[in-house]
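Engineer: curious how this folds, go ahead:
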Amino acid sequence: MNARRLIMIAYLCFTFLSASAQKNVSPCPGTVWTNRVQRTVYLDTTIKHALSDTTLAEVLTKLVLDKKLTPYSTFDNRFTTKLSREQILEKISSHADNANQQEDPVTGSTNTRVIRHEYDYNTIRAYRLVEEWQYNVDEGKIDIQLLGISPVVDVYGDDGNYRGSVGMYWLKYDDAKDAITQFNTQHPKDNLNKLIWKSYCNGDAAPFNSGNIQTGMTSRTVVVQDTAEHYMKWRLENWEDSSLSEILLTNAEYGKIPAFDTGLNMFKNQLTKDYIRLLLHGERYYEFNFFDSRYFIVNDNITLNFNSGHLNLDCSSITIRTTTRDNKGNNNGIKSLMTFKYADIKPIINRYTMQHPFCNLPLELWRGYFTERE
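Structural biologist: Residues are numbered from 1 along each chain as shown. Below you'll find the predicted structure:
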């Protein structure tokens, strides 16, 4: 009898310790999503250059022709096929020659006159980048590594109509970064790093300090599908399931997680439970429609190191927005409700991500980063 009691006590202790340990473990540990993408950065076409000035494309191409940089084929973005000097010359000369047929009035013979033109590098107003993205879902962090850069040329048919744009060649970013930095210093108006920085910041007013290390904050709006809609379309969830916004707002209403004002003074004005109830339900208590609150503003701290070509997006906070309606239920616009520190709600998001693999904030955020990518 004593032996059975000891075994039962030991079993209960083991079960309690196991449950306690699992409670503190991230529900989806080690989840990392990766993707290699290409995107295009466009130069400022309003800048007027002097006739004697040069361009970054010309500098890079001359370094390639001098065999100081190694070019690769744009057939893929894996840098698998090197291009020869002759192949690069062919790319330039194919755009630089005009052949005219001329008839000799005396002999009647026809001669071909070839007129060579210098390649106009000013027509190159875009650069294509290839990047390796890694998204740590558990931590809300995205790491981006710049791998390659390619000048982009416009292609026209014999009829003069625009046919599209193609990359001239790939250069490994690690090989070309010193030449790019030197060019940016000498030509501040054509600073490619500044344009790359702005493209990452999604149009936000993140200052650029002309250095190799940039820091700032960027925001992106993500729309998360509600579970009822997913249930009707894909039968992924059941009718009684809760949306992520409902879980977060309900926890804030009962004081389980801190919520803050959506103003510019981030995290300085923490909202009280009474204020949150008033914000959600009004002076007359009514049932808040959580499915209207599917809009999330994801705020990231962003750091870009041009020396290493490495960029880090670290989620700092999330703001929930909701659709407002009039007395008749008509859409009356969208307003921000409250802001959460990402560190406070990370366990909730991780748990929800594990339970809703096709209906969650990290997935929609990840998709959103590539909607405007190539």
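Engineer: all strands for this structure, in order.
Structural biologist: Along the chain, the stretches classed as strands by DSSP state E are 32-42, 97-103, 110-116, 126-136, 141-156, 162-167, 171-172, 213-223, 295-305, 310-325, 331-341.
Engineer: state the distance from the most centrally placed residue in the chain to Gly167.
Structural biologist: Residue closest to the mean C-alpha point of the chain, counted by CA atoms, centre = their mean, is Tyr369 at 3.9 Å. Applying CB to CB, to the nearest Å, the value for Tyr369 to Gly167 is 22 Å. (Glycine included, C-beta is placed from N, CA and C.)
Engineer: hmm, back to that, could I get the contacting residues of the residue nearest to the centre of the chain?
Structural biologist: Trp133, Ile142, Arg220 (CB atoms under 8 Å, 6 or more residues apart in numbering).
Engineer: what's near enough to touch the second one?
Structural biologist: With contacts defined as CB under 8 Å, 6+ apart, the neighbours of Ile142 are Trp133, Gln134, Tyr135, Asn136, Asp300, Asn312, Leu313, Tyr369.
Engineer: and for Gly263?
Structural biologist: Gly263 neighbours (CB under 8 Å, 6+ apart): Asn269.
Engineer: before we move on, the earlier item: and the contacts of Ile142, which are buried?
Structural biologist: Neighbour counting over these (16 or more other CB atoms under 10 Å) leaves Trp133, Tyr135, Asp300, Leu313, Tyr369 as the buried ones.
Engineer: now for the residues you listed: which two are most distant?
Structural biologist: Trp133 and Asp300 (13.5 Å; CB to CB).
Engineer: and the buried ones among the contacts of Ile142 as JSON lines, adding pLDDT and distance to Pro71?
Structural biologist: Output for the buried ones among the contacts of Ile142, formatted as JSON lines (pLDDT from 0 to 100; distance: CB to CB, whole Å):
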{"residue": "Trp133", "pLDDT": "95", "distance to Pro71": "24"}
{"residue": "Tyr135", "pLDDT": "94", "distance to Pro71": "31"}
{"residue": "Asp300", "pLDDT": "94", "distance to Pro71": "34"}
{"residue": "Leu313", "pLDDT": "95", "distance to Pro71": "30"}
{"residue": "Tyr369", "pLDDT": "84", "distance to Pro71": "29"}
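Engineer: dump those residues into JSON lines; add distance to Leu146 as well.
Structural biologist: Shown next, in JSON lines, are these (distance: CB to CB, whole Å):
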{"residue": "Trp133", "distance to Leu146": "11"}
{"residue": "Tyr135", "distance to Leu146": "16"}
{"residue": "Asp300", "distance to Leu146": "18"}
{"residue": "Leu313", "distance to Leu146": "14"}
{"residue": "Tyr369", "distance to Leu146": "15"}
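Engineer: so which of those residues is the closest to Asp344?
Structural biologist: Asp300 (16.2 Å).
Engineer: relative to Cys315, how far out is the closest one?
Structural biologist: 5 Å.
Engineer: Asp326 now?
Structural biologist: Counting by CB to CB - Asp326 and Cys315 are separated by 34 Å.
Engineer: same question, Leu89
Structural biologist: 48 Å.
Engineer: more neighbours, those two?
Structural biologist: Remark: of Leu89 and Cys315, Cys315 carries more neighbours, 21 against 15, as counted by other CB atoms under 10 Å.
Engineer: the residue lying closest to the more buried one once chain neighbours are set aside: how many residues sit nearby?
Structural biologist: Of all residues beyond its chain neighbours, the one nearest Cys315 is Gly140 (3.6 Å), with distances taken as CB to CB, 6 or more residues apart in numbering. Residues within reach of Gly140, counting by other CB under 10 Å, total 23.
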